[in-house]
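> Prediction below, plus the sequence it came from.
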Amino acid sequence: MTARRVLLVSPFGAIGGAERVLLGLGRHLPDHGYTPTAAVLEHGPLAEAFAGIGCAVEVVPSGRIREVHRGVRAVARLRRAAIRSGAELVFDNMSTAHLYGGIAARSIGLPSVLWQQIIPNRDFGGPPMTHAWVDRLAARIPVHTVVVHSDIAAAGQRELTPGTTVRKVHQGIDLAAVRKSEGKGRQVRKELGVGGAPLVGIVGWLVPWKGQDVFLRAVARVAERFPEARFVVVGGPGDPAYESRLHVLA
């Protein structure tokens with residue numbers, strides 16, 4: 001049976017949680033009869049990661065959303081990439097990607113799927129993908145199906161696109177990749193000096209919409225009942241003012 005071809009479009013070149021899930025999808029699509037090609041809308045390690053899993057990849061810089069001239073060029077390049085790869089479907093990773101991939105797909109008569117990996121229509125004030133206005137703008141572009149990860153995400157998406165099919169599919173975890181890290185936790189515990197005490201952590205970009213402040217307030221309550229427990233916040237810099245507040249709160 002001939003494999004069906006799909007173009008995966010991702011807006012950011014950096015690798016965060018959403019991108020790791022997308023990489024997992026790209027890695028396993030061939031097992032189900034699909035050949036993926038990737039287009040990444042900015043330079044960064046994600047393109048190299050796609051190449052590392054054997055996925056053909058092209059970097060298609062789109063610039064800022066307000067840079068219309070660059071966006072038009074990006075749509076044209078995505079259109080050519082879809083035609084060149086023989087794609088039968090364009091799969092857009094979050095609303096920002098759909099602003100470009102959805103238009104490219106429609107211009108050549110291909111269906112598109114939007115994978116909404118956040119809670120849409122909610123303004124969290126983080127990167128562009130977390131702004132409600134981006135979701136509302138993307139909702140103007142026709143889409144075959146929207147895939148979401150939770151009931152609350154489905155509710156938010158249906159507010160935006162009441163006439164569109166919305167499917168809830170839980171985000172997958174590549175267990176084989178997780179198993180490769182088995183045993184590394186002992187070294188982390190040693191570095192933190194926690195020994196065999198219960199260790200609870202939160203990992204994520206240090207920005208308000210990730211909610212590390214909520215975690216720290218919860219920690220204060222848990223520590224009253226379990227004083228032997230230890231807690232750690234891990235994350236790359238995002239919002240310097242928020243990061244400073246987290247140090248004070250901790």
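Received the coordinates, thanks. Numbering: from 1, shown residues only.
> List the contacts of A138.
By Cβ atoms under 8 Å, 6 or more residues apart in numbering, the residues touching A138 are S95, T96, H98, L99, G102, L114. Glycine gets a C-beta too; all of them are placed from N, C-alpha and C.
> distance of the second one from V60?
This points to T96. 13 Å (Cβ to Cβ, to the nearest Å).
> now what about the least confident helix or strand in the chain by mean pLDDT, what contacts it?
When the helices and strands of the chain are scored by mean pLDDT, DSSP states H and E, helix 175-179 comes last with a mean of 83. With contact meaning Cβ under 8 Å, 6+ apart, helix 175-179 is reached by G24.
> Go again with 6 Å.
By Cβ atoms under 6 Å, 6 or more residues apart in numbering, no residue outside helix 175-179 reaches it.
> Just the C-alphas of that helix, formatted as PDB.
Output of helix 175-179 as PDB, limited to C-alpha atoms (Å, rounded to 0.1, in the frame of the first residue of the first chain):
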ATOM      1  CA  LEU A 175       7.400   6.000  26.400                       C
ATOM      2  CA  ALA A 176      10.500   4.600  24.700                       C
ATOM      3  CA  ALA A 177      12.100   8.100  24.800                       C
ATOM      4  CA  VAL A 178      11.200   8.400  28.500                       C
ATOM      5  CA  ARG A 179      12.700   5.000  29.300                       C
END
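> so how far is it off the chain centroid?
19 Å (Cα atoms, centre = their mean, to the nearest Å).
> Which parts of this protein are helices?
17-28, 45-52, 68-85, 94-107, 132-138, 151-160, 175-179, 184-192, 212-225, 240-249 (DSSP state H).
> Next up, the contacts around V6.
With Cβ under 6 Å, 6+ apart, V6 has these contacts: Y34, P36, A87, L89, F91.
> out of those residues, who has the most neighbours?
With neighbours taken as other Cβ atoms under 10 Å, the top of the contacts of V6 is F91, carrying 28 neighbours.
> and that residue, what does it touch?
F91 touches V6, L8, V113, counting by Cβ under 6 Å, 6+ apart.
> Between the two ends of stretch 191-201, how far is it?
Using Cα to Cα, to the nearest Å, the end-to-end distance of stretch 191-201 comes to 15 Å.
> If we go by neighbour counts, what in that stretch is buried?
V194 (16 or more other Cβ atoms under 10 Å).
> What about P30, how many residues nearby?
With other Cβ under 10 Å as criterion, P30 counts 14.
> again but with V214, I slipped
Using other Cβ under 10 Å, V214 is surrounded by 11 other residues.
> ok, now V148?
So V148, with other Cβ under 10 Å, has 25 neighbours.
> need the contact list for it.
Contacts of V148 (Cβ under 6 Å, 6+ apart): Q116, A154, Q157, K168.
> Please repeat the previous calculation with a cut-off of 8 Å.
Counted by Cβ under 8 Å, 6+ apart, V148 has contacts Q116, P120, A154, Q157, V166, R167, K168, V169.
> Which of these ranks first by neighbour count?
P120 (30 neighbours).
> Poorly predicted segments of the chain, please.
Scanning the chain for pLDDT under 70 picks out 1, 125-126.
> make it 50
For the chain, no stretch has pLDDT under 50.
> Now do the shared contacts for T96 and V60.
Common neighbours of T96 and V60, using Cβ under 8 Å, 6+ apart, are L41.
> Look at those two and report which has more neighbours.
T96 (25 against 22).
> Quick check: that one touching P128?
Yes. Look at T96 against P128 with Cβ atoms under 8 Å: they come within range, at 5.5 Å.
> need the contact list for A104.
V75, A76, L78, R79, A82, V90.
> Using CSV, lay out these together with distance to P45 and neighbour count.
Below are these laid out as CSV (distance: Cβ to Cβ, whole Å; neighbours: other Cβ atoms under 10 Å):
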residue, distance to P45, neighbour count
V75, 24, 21
A76, 25, 15
L78, 21, 29
R79, 26, 20
A82, 24, 26
V90, 23, 31
